[in-house]
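Chemist: sequence and predicted structure, then a few things I'm wondering about:
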Amino acid sequence: MKKNSLKKAIGKIHLWLGLSSGIIVFIIAITGCLYAFQEEIQNSTEEYRFIEKQNKAFLPPSQLEEIAKKELPGKALHSIKYNGTEKSAEAIFFHYEPTYYYIVYLNPYTGKVLETANMDEGFFKFILDGHFYLWLPHEIGQTVVASATLVFLILLLSGLYLWYPRNKNATKQRFSFKWKKDTKWKRKNYDLHNITGFYILLIALIFAITGLVWGFQWFAYSYYTALGGEKSLIYQDPVSTKTNTTVAKPLDKIWLLMQKEYPTAKSIEVHPPENDSTAIAANINPEEGTYWKINYRYFDQYTLEEKEVNHIFGKYQNADVADKLIRMNYDLHTGAVFGLAGKIFAFLISLLIATLPISGFYIWWGRNKKQKAENKNGHLIK
């Protein structure tokens, strides 16, 4: 196939894939923008997330659990999370079937309930549902969003091919906006689509790849394997072996152990066993605002013997490069891996991505209108 024929074919693919997925890509990008600073906004508007530091010890998990369960009787406790000396502790109630997600915010020094929040409600939950599911039923919405993200990946690669200059004169117009006073809007819009698309390409590829890791299991496994990963991506609790003897208040003992071994941790979270055969899970985060360095550990609920796992949610020191990249997926997707500056950058790139379907549509609309006019004039001449 000749180069011109290949470029024409790729142009057609780029056009029709763009038209078919444009509105979805726009929604995903805009909701990503709106969600970018949700943590910072909630921290500044929800006072119950913070407490005054006191010169005394925290209450142990068993006491916070007892207090929290009175707020949500009949609900299953997922974990107790301590967030440092000046932040509220969280009693997290989460379940798949029936589905619910609540957080009871408590003062870890006194056990006072500060707020009981339904995490399935509110503005940012609405935005997140749009970003992940387009506000459709989750099974349908996830497939639609993941498919649109895959199409977006193809659009980026095909767009790069179409952008690539074939001669020196075209090169000058590919890297910068060189408009004269009389430059027409069509030309400006064309440059906005092409030049903007080129400069955001790398970050947009990262957004697409990290989004696809959540969207399709086959993509996640392929990506992880290509990076050299050898562990399982599926979380699974280690088994606790039933015995006739039990340890008193095992959750408290594990929490004290984590405090002793990680005195500088920004947060410590302990998970009661889901049933009589699973382990107690505990994790610490050495950083605020990111998740990829979390240290996950597991203990037999009867003997407190530590259990090792063969999935990526294990000890950080046992993670190789592929494990770390998968664990970093959320932090890369949001830009949080580079702190607040990374989030601002991700916000701006998402905003620019949202413009691509619009500018692309106007390129097609202008050409289509021109073609119709030419056909009409040709018909009149005949």
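Modeler: On my side now, so go ahead. Numbers count the residues shown, from 1 in each chain.
Chemist: what's the local residue count around the nearest residue to Gly342 once chain neighbours are set aside?
Modeler: Using C-beta to C-beta, 6 or more residues apart in numbering and skipping the chain neighbours, the partner closest in space to Gly342 is Gly335 (3.6 Å). C-betas here are computed from N, CA, C, even on glycine. Using other C-beta atoms under 10 Å, Gly335 is surrounded by 23 other residues.
Chemist: wait, Gly335 touches Ala346, no?
Modeler: Yes. Under the criterion of C-beta atoms under 8 Å, Gly335 makes contact with Ala346 at 3.1 Å.
Chemist: which neighbours do these two share?
Modeler: Both Gly335 and Ala346 are contacted by Ala36, under the criterion C-beta atoms under 8 Å, 6 or more residues apart in numbering.
Chemist: strands of the protein, residue ranges please.
Modeler: Ranges of strands in the chain, per DSSP state E, are 77-82, 89-95, 100-106, 113-118, 267-271, 280-285, 295-299, 306-307.
Chemist: need the ones you listed in CSV (columns: distance to Trp163).
Modeler: Shown next, in CSV, are those (distance: least, C-beta to C-beta, whole Å):
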stretch, distance to Trp163
strand 77-82, 46
strand 89-95, 45
strand 100-106, 43
strand 113-118, 46
strand 267-271, 44
strand 280-285, 41
strand 295-299, 43
strand 306-307, 52
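Chemist: need those in TSV with mean pLDDT, can you?
Modeler: As requested, the strands of the chain are exported to TSV (pLDDT from 0 to 100):
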stretch	mean pLDDT
strand 77-82	97
strand 89-95	96
strand 100-106	97
strand 113-118	97
strand 267-271	98
strand 280-285	97
strand 295-299	97
strand 306-307	96
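Chemist: among the ones you listed, which comes closest to Gly32?
Modeler: Proximity to Gly32, assessed across the strands of the chain by C-beta to C-beta, is greatest for strand 100-106 (21.0 Å).
Chemist: what is the closest one packed up against?
Modeler: Secondary-structure packing of strand 100-106 (3 or more C-beta pairs under 8 Å, 6 or more residues apart in numbering; DSSP states H and E): helix 61-71, strand 89-95, strand 113-118.
Chemist: that strand to helix 61-71, inter-axis angle?
Modeler: Orientation check (axes from the mean of the first three to the mean of the last three C-alpha atoms, to 10 degrees): strand 100-106 against helix 61-71 gives 120 degrees.
Chemist: and strand 100-106, how far from the chain's centre?
Modeler: Using C-alpha atoms, centre = their mean, to the nearest Å, the mean C-alpha position of strand 100-106 is found 21 Å from that of the whole chain.
Chemist: pairing partners for that strand, with directions?
Modeler: Its sheet considered, strand 100-106 pairs with strand 89-95 (antiparallel), strand 113-118 (antiparallel) by DSSP bridges.
Chemist: right, so of those, which gets closest to Asp252?
Modeler: strand 89-95 (13.7 Å).
Chemist: with adjacent residues omitted, what lies nearest to Ile173?
Modeler: One thing to correct before we go on: residue 173 is Gln, not Ile. In space, Gln173 is closest to Asp191, 6.9 Å off (C-beta to C-beta, 6+ apart).
Chemist: got a list of what the closest residue to Ala57 other than its chain neighbours touches?
Modeler: Among residues not flanking Ala57 along the chain, Tyr109 sits closest, at 7.9 Å (C-beta to C-beta, 6+ apart). The contact partners of Tyr109, by C-beta under 8 Å, 6+ apart, come to 51, 54, 56-59.
Chemist: can you rerun that using 7 Å?
Modeler: Residues in contact with Tyr109, defined by C-beta atoms under 7 Å, 6 or more residues apart in numbering, are 54, 56, 58.
Chemist: the first one and Pro108: what is the separation?
Modeler: Yep, that's Gln54 we're talking about. Gln54 is 9 Å from Pro108, where distance means C-beta to C-beta, to the nearest Å.
Chemist: now swap in the second one and tell me
Modeler: Taking C-beta to C-beta as the measure, Lys56 and Pro108 are separated by 10 Å.
Chemist: tell me which of those two has more neighbours.
Modeler: A direct count of neighbours by other C-beta under 10 Å for Lys56 and Pro108 places Pro108 higher, at 25 against 8.
Chemist: just the contacts of Tyr109 now: which is nearest Glu66?
Modeler: For the contacts of Tyr109, the nearest to Glu66 is Phe58 (14.5 Å; C-beta to C-beta).
Chemist: what about the stretch 1-150 of the chain, any weak spots by pLDDT?
Modeler: Applying pLDDT under 70 to the stretch 1-150 of the chain flags residues 1-3.
Chemist: rerun at 80
Modeler: Scanning the stretch 1-150 of the chain for pLDDT under 80 picks out 1-4.
Chemist: kindly report the same for the stretch 251-382 of the chain.
Modeler: 367-382.
Chemist: do a quick rundown of the helices in it.
Modeler: 321-327, 329-334, 339-381 (DSSP state H, counting those that start in this stretch).
Chemist: right, I'll leave it there.
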